[in-house]
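Asker: need coordinates for the below:
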Amino acid sequence: MVSVMAKTELMPGTLDMLILTTLTRAPLHGYAIAQSIKRISDDVLTVEEGSLYPALQRLLLQGWVRAEWRRTETNRRARFYTLTAAGRKQLGLEVSQFRQMVEAIGRVLEDAGEVV
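Answerer: Take a look at the predicted model:
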């Protein structure tokens with residue numbers, strides 16, 4: 001599960017988009033992906049292991065990321081994930097759909113005027 005502030009869950013598919021986005025910068029291991037999301041979101045988003053690793057496995061099966069075993073900065077063996085060309089394409093689609101959804105929600109909130 002991805003926690004947002006008071007344990008509010010993200011919209012379905014958002015975790016995949018966040019992981020793919022995080023991997024655009026550099027290959028990372030799972031813990032580093034979770035820490036990056038948490039840091040960049042100013043501790044608003046917390047990705048739990050129980051959600052992260054199944055999502056990474058799903059992304060691997062889709063061919064959107066690839067993985068290889070490497071050593072971390074602390075000399076631990078870890079699986080590093082890299083965004084593939086197909087993953088980059090999928091990310092573009094997901095970001096576009098997400099932005100459309102956010103804009104649509106914004107329009108509904110604006111229409112509510114002073115009620116909100």
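Asker: distance of Gln35 from Leu45?
Answerer: From Gln35 across to Leu45, the span is 11 Å (CB to CB, to the nearest Å). Yep, even glycine has a C-beta here, placed from its N, CA and C like the rest.
Asker: before we move on, what about Asn75?
Answerer: 29 Å.
Asker: picking up where we left off before, who has more neighbours out of Gln35 and Leu45?
Answerer: Taking other CB atoms under 10 Å, Gln35 and Leu45 do not tie; Leu45 has more neighbours (19 against 15).
Asker: from Ala85, how far out is that one?
Answerer: Look at Leu45 and Ala85: by CB to CB, they are 26 Å apart.
Asker: kindly report the same for Leu28.
Answerer: 18 Å.
Asker: so those two - more neighbours on which side?
Answerer: Leu28 (19 against 9).
Asker: tell me the pLDDT of the more buried one.
Answerer: On pLDDT, Leu28 comes in at 97.
Asker: what's the next secondary structure element after the helix or strand of the chain with the lowest mean pLDDT?
Answerer: When the helices and strands of the chain are compared on mean pLDDT, DSSP states H and E, strand 2-4 comes out lowest with a mean of 53. Counting by DSSP states H and E, the next helix or strand C-terminal to strand 2-4 is helix 14-22.
Asker: quick one, helices of the protein?
Answerer: Secondary structure of the chain (DSSP state H): helices located at 14-22, 30-40, 49-62, 85-111.
Asker: most tightly packed of the ones you listed?
Answerer: Comparing these by mean neighbour count (mean count of other CB atoms under 10 Å), helix 14-22 comes out on top with a mean of 21.
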